[in-house]
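Peer 1: Okay, structure incoming, though there's no sequence with it:
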Ligand code: GAL
């Protein structure tokens with residue numbers, strides 16, 4: 001598992017993280033708990049005391065995220081008669097609150113029946129901490145090895161075992177626009193590079209929109225910064241930042257920090273207090289023209305009835321598709337193993353992926369979907385995905401472990417206030433030294 005292209009044949013085994021490094025990220029407490037969970041998980045694969053409730057833990061509590069979850073739940077009700085869905089969602093974009101609650105529940109040996117985990121480095125955290133079960137045998141039973149592209153199967157496989165069922169592929173590096181605000185400012189083009197983007201931001205600003213680029217708190221700033229890094233470094237060198245082949249001291253990173261700093265001058269000053277949906281509201285209300293956000297924004301705008309939007313890939317990213325994938329796992333010590341397995345089977349099924357992804361803004365992980373079944377944005381994303389250059393996301397766990405992500409978020413949060421470019425680069429170098437593959 002690591003950064004090999006999901007659809008392609010792999011790029012020579014850059015795996016990104018050692019087992020030992022990721023264990024260090026998760027910490028000793030989690031490992032102790034994993035032992036406790038292990039000893040309580042001795043029900044021999046039964047449904048665990050006869051409960052028929054499946055507690056599904058996510059951070060999809062509102063808007064398009066909730067609509068996607070609801071789609072899955074209705075399919076689950078059809079496929080898993082006798083089982084009951086229990087909503088364990090903890091609100092907060094990117095799992096900012098949910099991940100803390102989950103970590104403490106896992107530490108206390110009180111896991112939900114299933115939880116949302118990003119494919120890639122984040123999933124490896126849970127595998128290395130021995131907190132989730134190997135479900136390879138079920139993959140065979142459910143025909144999932146044929147349903148997902150080989151590159152994705154390779155990406156999910158650790159020491160020959162598979163631990164999660166991916167529900168989707170999301171794209172992170174997308175700019176969403178308010179069409180009327182842009183038209184009023186006389187902006188007619190889609191910027192292809194940062195200079196063009198800044199020229200358009202200036203045009204909108206000249207029309208009296210003080211903060212034309214809406215952004216929210218730390219992780220949303222990390223997303224914007226990652227997009228700038230892709231522009232300045234290119235996809236391969238960007239990917240190298242996470243697998244050790246690109247040095248965070250690189251001059252390209254210095255340039256990216258400077259470009260990012262310039263972009264921040266076009267953003268709302270209350271950014272550190274806002275979640276992604278608050279920043280999205282600035283776009284919907286015509287108080288901003290642009291927002292960089294993952295393509296869950298398409299679904300959320302649709303769910304909120306806002307039609308006056310368009311989108312483009314972050315300027316300078318070319319054909320790079322910065323991917324992340326939500327997947328579901330079977331935690332060690334889950335109370336309702338049979339019900340959870342039925343949930344996982346639904347997540348991986350053609351009907352489940354359609355019910356979920358048509359509402360979530362993402363594209364299905366399965367290869368057998370019919371594009372015409374999907375809204376306009378996803379049809380475009382499905383087409384892009386086929387020929388895209390792939391790059392992972394740290395803000396959404398495909399590129400970096402949770403420890404590294406936390407350090408990056410803190411570094412960006414501090415920069416938002418102090419604007420100290422050298423300090424930001426030093427903090428990012430230090431984070432890589434602490435968390436990258438040794
Ligand atoms: C991501 C997640 C997406 C979406 C987003 C915003 O981490 O993968 O599905 O929910 O956070 O909350």
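Peer 2: Perfect, thanks for sending it. No experiment lies behind these values; they were computed from the predicted model shown.
Peer 1: Is it correct that residue 221 is in contact with residue 271?
Peer 2: Yes. With contacts counted by C-beta atoms under 8 Å, residue 221 reaches residue 271, the gap being 7.0 Å. For every residue, glycine as well, the C-beta is placed using N, CA and C.
Peer 1: what about those two, which has more around it?
Peer 2: residue 221 (26 against 23; other C-beta atoms under 10 Å).
Peer 1: For the helix or strand encompassing the more buried one, enumerate the helices and strands it packs against.
Peer 2: Assigned by DSSP states H and E, residue 221 belongs to helix 218-233. In terms of contacts (3 or more C-beta pairs under 8 Å, 6 or more residues apart in numbering; DSSP states H and E), helix 218-233 is packed against helix 235-243, helix 251-264, strand 290-293, strand 320-324, helix 402-418.
Peer 1: let's see it at 6 Å
Peer 2: Judged by 3 or more C-beta pairs under 6 Å, 6 or more residues apart in numbering; DSSP states H and E, helix 218-233 is in contact with helix 251-264, helix 402-418.
Peer 1: if we can go back for a sec, what is in contact with residue 221 and residue 271 at once?
Peer 2: Each of residue 215 lies in contact with both residue 221 and residue 271 under the rule C-beta atoms under 6 Å, 6 or more residues apart in numbering.
Peer 1: The helix holding residue 221 and the ligand in contact?
Peer 2: No. No part of helix 218-233 sits near the ligand under the criterion C-beta under 6 Å from any ligand atom; the closest distance found is 8.3 Å.
Peer 1: For burial, what's the neighbour tally of residue 373?
Peer 2: 12.
Peer 1: How confident was the prediction at it?
Peer 2: Here, the pLDDT recorded for residue 373 equals 97.
Peer 1: can you give me phi and psi for the nearest residue to residue 115 once chain neighbours are set aside?
Peer 2: Ranked by C-beta to C-beta, 6 or more residues apart in numbering and with sequence neighbours excluded, the top spatial neighbour of residue 115 is residue 57, at 4.0 Å. Backbone geometry at residue 57, expressed as degrees, to the nearest 10, gives phi -100, psi 120.
Peer 1: how near is the closest residue to residue 221 other than its chain neighbours to residue 55?
Peer 2: If the residues on either side of it in the chain are set aside, residue 221 comes closest to residue 412, at 4.4 Å by C-beta to C-beta, 6+ apart. Going from residue 412 to residue 55 by C-beta to C-beta, to the nearest Å gives 33 Å.
Peer 1: swap in residue 67?
Peer 2: Distance of residue 67 to residue 55, given as C-beta to C-beta: 20 Å.
Peer 1: Tell me, please, the helix or strand in this protein that averages the lowest pLDDT.
Peer 2: helix 28-40 (a mean of 29; mean pLDDT, DSSP states H and E).
Peer 1: Can you say which of the helices and strands packed on helix 218-233 is nearest to the ligand?
Peer 2: helix 402-418 (10.1 Å; C-beta to the nearest ligand atom).
Peer 1: For the ligand, tell me whether the closest one is touching it.
Peer 2: No. Counting by C-beta under 6 Å from any ligand atom, the ligand is not contacted by helix 402-418; separation bottoms out at 10.1 Å.
Peer 1: Counting neighbours, which bits of that helix end up buried?
Peer 2: 402-409, 411-413, 415-416 (16 or more other C-beta atoms under 10 Å).
Peer 1: Going by proximity to the ligand, name the top residue of the stretch 301-438 of the chain.
Peer 2: For the stretch 301-438 of the chain, C-beta to the nearest ligand atom, closest residue to the ligand: residue 396, 4.2 Å.
Peer 1: and the closest residue to that residue other than its chain neighbours, bridged to which residues?
Peer 2: Excluding its sequence neighbours, the residue lying closest to residue 396 (C-beta to C-beta, 6+ apart) is residue 324, at 3.8 Å. Counting by DSSP bridges, residue 324 forms beta bridges with residue 170.
Peer 1: what number of residues lie near residue 108?
Peer 2: 11.
Peer 1: hmm, I was thinking of residue 104
Peer 2: For residue 104, using other C-beta under 10 Å, the count is 12.
Peer 1: and it, that one's in a strand?
Peer 2: No. According to DSSP: H, G, I helix; E, B strand; the rest coil, the state of residue 104 is helix, so it is not within a strand.
Peer 1: Per-residue pLDDT of it, please?
Peer 2: As predicted, residue 104 sits at a pLDDT of 97.
Peer 1: likewise residue 275?
Peer 2: Residue 275 carries a pLDDT value of 98.
Peer 1: Within range of the ligand, give me the residues from the stretch 51-200 of the chain.
Peer 2: Within reach of the ligand by C-beta under 6 Å from any ligand atom, the stretch 51-200 of the chain has these residues: 59, 60, 65, 93, 94, 95, 118, 170.
Peer 1: mind checking how far the fourth one is from residue 217?
Peer 2: This points to residue 93. 9 Å.
Peer 1: can you give me phi and psi for residue 212?
Peer 2: Here is the backbone geometry of residue 212 (degrees, to the nearest 10): phi -70, psi -20.
Peer 1: what about it, distance to residue 395?
Peer 2: Applying C-beta to C-beta to residue 212 and residue 395 gives a distance of 22 Å.
Peer 1: Let me see the contact set for the closest residue to residue 231 other than its chain neighbours.
Peer 2: Nearest residue to residue 231, sequence neighbours excluded (C-beta to C-beta, 6+ apart): residue 316, at 3.1 Å. Counting by C-beta under 6 Å, 6+ apart, residue 316 touches 193, 194, 231.
Peer 1: Could you count how many residues lie near the last one?
Peer 2: It stands for residue 231. So residue 231, with other C-beta under 10 Å, has 24 neighbours.
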